[in-house]
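1. compute the structure for the input listed below.
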Amino acid sequence: MRFWTVVAAVLAGLMPASAMPAQPHSDRFVFAVVVTRHGVRSISKAPPEYSWADWQPVAPSYLTARGYRLMTYMGQFYRVYFDANGIPVTCATPNVYLYADKDQRTLESGQALIEGMCGKANAMPMHHAADLSKATDDPLFDPTGWALSQHRIDAAASRAAVLAALPKPPSALVTEHAADFAGLQKVLDARCGGTCAPVTGSASSVDDDKDGLTEAGGPLKTASSYAEDLFLEYAQCNPDAPADLSDAMRLHVLAYDVNARNRYNPLVRGGTLFAHIVAMLEVKAGRAHPDVDIPDIRHDDAVIFSGHDTQLGALGGILNAHWQPGGGIVEDDMPPGSALIFALYRTSSNQYRVRMRFAYETIEQFHHYKLVNNGAASVPVRMPGCDGEDCSVPLERFSALARTIENDRLVRKEWTQESAGPVELDPLYNPKWTQCAS
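-> Model (predicted):
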């Protein structure tokens, strides 16, 4: 098994040369599932204590025009990635099945990915829930409401998992990560004239949420929220002299480690999606997974889920998986447009193995509105028990894990009633609007 090779060729009309993994010559790339976070969005709620970016006229939590453009670059990345692994994207007779969550930012991101792969947003179908109302969540992406209604959430297990991920006492977390908290506070103070209440001013807490799961609150939750807002502002506004956000983003990742990558919460939030991904891999390997419904993907070489960082964090937690992106992105972070790739291979001995990669855009790409050389990249995902430099895992291991989660009754086995019809999306408002007003 040799190392990943580098493909330096550039597909006509697509992205510039970048490091692109290709399969070892003795293995055959069979199929891939990509779970991606949406692109750059506006913040959900203006932080109360400092004012920097004015996101108008884009509504809260909406994909921006800049976010759409950056997602087209990721679509180009996937086209090159699939081609390098022997499954060229065919847009006239689509061989990629794309399914998006029902939010504006995920639907728009799905269209942007199609545009990046094919040159126009309607070049292939974008599948989504038939019911696009906000009354319920799509359980493929967020099954917590379903699990709660079915009395399948173990609140005690959730609380125990969060406590196990925290130091004892939980307040020690602030001391252990004092340097990162200080770095974040320095950035915030510069944005609010030094009048911000300290992020560490509130007491550490462990809170039971309305969805039946427990999460750590207090300074960690506050820091994570501010960090996310600051990164989105940077990615959208392209300031001339951005502050170093590494301290802030390490705290954001730490909050995910405690709340979303612990030993229980990921099973609730991501078990349904993971089981459906595994079912797709098994079907492509010629095996049956009769208990989980999936769409007809017989003619598809890849499936893309346009979702959120919630799914990436949950899948990372289920697999205890980690990645080191570089390019200004801190370890295990999940910036806008980033994705987990589940690549299925058949070896020369007819074994099916899965290799995972983390795809992302670099800080340099977020800094520019144009496509930059090597602005999108991917790195191997590491997880316990994987083999070789490519960290490959037998498909059977994924299958056994999926069935364990199913046996815990945390998988909604039905596929969401879906449609591929055109979507009336709330517009991006002003396509020329790419920068924040300060």
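2. and this protein, what are its domain boundaries?
-> 1-47+67-151+269-422, 155-263 (automatic domain parsing).
3. could the ones you listed go into CSV alongside mean neighbour count and distance to Ala59?
-> The way it works is simple: take the backbone N, C-alpha and C, and place the C-beta from them, glycine included. Converted to CSV, the domains of the chain look like this (neighbours: other C-beta atoms under 10 Å; distance: least, C-beta to C-beta, whole Å):
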stretch, mean neighbour count, distance to Ala59
domain 1-47+67-151+269-422, 19, 7
domain 155-263, 18, 14
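4. out of the ones you listed, nearest to Gln56?
-> domain 1-47+67-151+269-422 (8.8 Å; C-beta to C-beta).
5. which residues sit in contact with the nearest residue to His367 once chain neighbours are set aside?
-> Distances taken as C-beta to C-beta, 6 or more residues apart in numbering put Asn238 closest to His367, at 5.9 Å, once the chain neighbours are dropped. Counting by C-beta atoms under 8 Å, 6 or more residues apart in numbering, Asn238 touches Phe366, His367, His368, Tyr369, Gln435.
6. the stretch 201-350 of the chain: strands as residue ranges?
-> 206-208, 214-216, 302-307, 339-346 (DSSP state E, counting those that start in this stretch).
7. lowest-confidence stretch among those?
-> Mean pLDDT per stretch puts strand 206-208 lowest among the strands of the stretch 201-350 of the chain, at a mean of 90.
8. which other residues reach it?
-> Residues from elsewhere that reach strand 206-208 (C-beta under 8 Å, 6+ apart): Ala155, Arg159, Val162, Leu163, Leu166, Pro170, Thr214, Glu215, Ala216, Gly217.
9. quick one: residues contacting the third one.
-> What it means is Val162. By C-beta under 8 Å, 6+ apart, the contact list for Val162 reads Val206, Thr214, Glu215, Ala216, Val258, Asn259, Asn262, Asn265.
10. how about these in TSV, adding distance to Ser378?
-> Below are the contacts of Val162 laid out as TSV (distance: C-beta to C-beta, whole Å):
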residue	distance to Ser378
Val206	36
Thr214	33
Glu215	30
Ala216	31
Val258	27
Asn259	26
Asn262	26
Asn265	27
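11. farthest-apart pair in these, please.
-> Checking the contacts of Val162 with C-beta to C-beta, the most distant pair is Val206 and Asn265, at 12.5 Å.
12. identify the contacts common to the two.
-> Val162, Thr214, Glu215.
13. got the contact list for stretch 255-270?
-> For stretch 255-270, the surrounding residues in contact (C-beta under 8 Å, 6+ apart) are 142-144, 147, 153-154, 157-158, 160-162, 164-166, 212-216, 220-221, 223-224, 309-311, 313-318, 332, 334, 405, 408, 410.
14. can I get the CA coordinates of stretch 161-181 in PDB?
-> Coordinates of each C-alpha in stretch 161-181 appear next as PDB, following Å, rounded to 0.1, in the frame of the first residue of the first chain:
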ATOM      1  CA  ALA A 161     -21.100  11.600  28.900                       C
ATOM      2  CA  VAL A 162     -20.800  15.400  29.200                       C
ATOM      3  CA  LEU A 163     -19.500  15.200  32.700                       C
ATOM      4  CA  ALA A 164     -17.000  12.500  31.600                       C
ATOM      5  CA  ALA A 165     -15.700  14.900  28.900                       C
ATOM      6  CA  LEU A 166     -15.200  17.700  31.400                       C
ATOM      7  CA  PRO A 167     -12.500  18.100  34.000                       C
ATOM      8  CA  LYS A 168     -13.400  17.800  37.700                       C
ATOM      9  CA  PRO A 169     -14.700  20.200  38.700                       C
ATOM     10  CA  PRO A 170     -16.000  21.500  35.400                       C
ATOM     11  CA  SER A 171     -14.800  25.000  36.300                       C
ATOM     12  CA  ALA A 172     -11.200  23.700  36.000                       C
ATOM     13  CA  LEU A 173     -11.700  23.900  32.200                       C
ATOM     14  CA  VAL A 174     -11.300  27.600  32.300                       C
ATOM     15  CA  THR A 175      -8.000  27.300  34.100                       C
ATOM     16  CA  GLU A 176      -6.700  24.500  31.900                       C
ATOM     17  CA  HIS A 177      -7.400  26.600  28.800                       C
ATOM     18  CA  ALA A 178      -6.600  30.000  30.200                       C
ATOM     19  CA  ALA A 179      -4.400  31.000  27.300                       C
ATOM     20  CA  ASP A 180      -7.000  30.400  24.700                       C
ATOM     21  CA  PHE A 181      -9.700  32.200  26.800                       C
END
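15. and it, average pLDDT?
-> Rounded mean pLDDT across stretch 161-181 is 97.
16. which regions of the chain lie under the pLDDT threshold?
-> 1-25, 51-52, 194, 239-243, 429-438 (pLDDT under 70).
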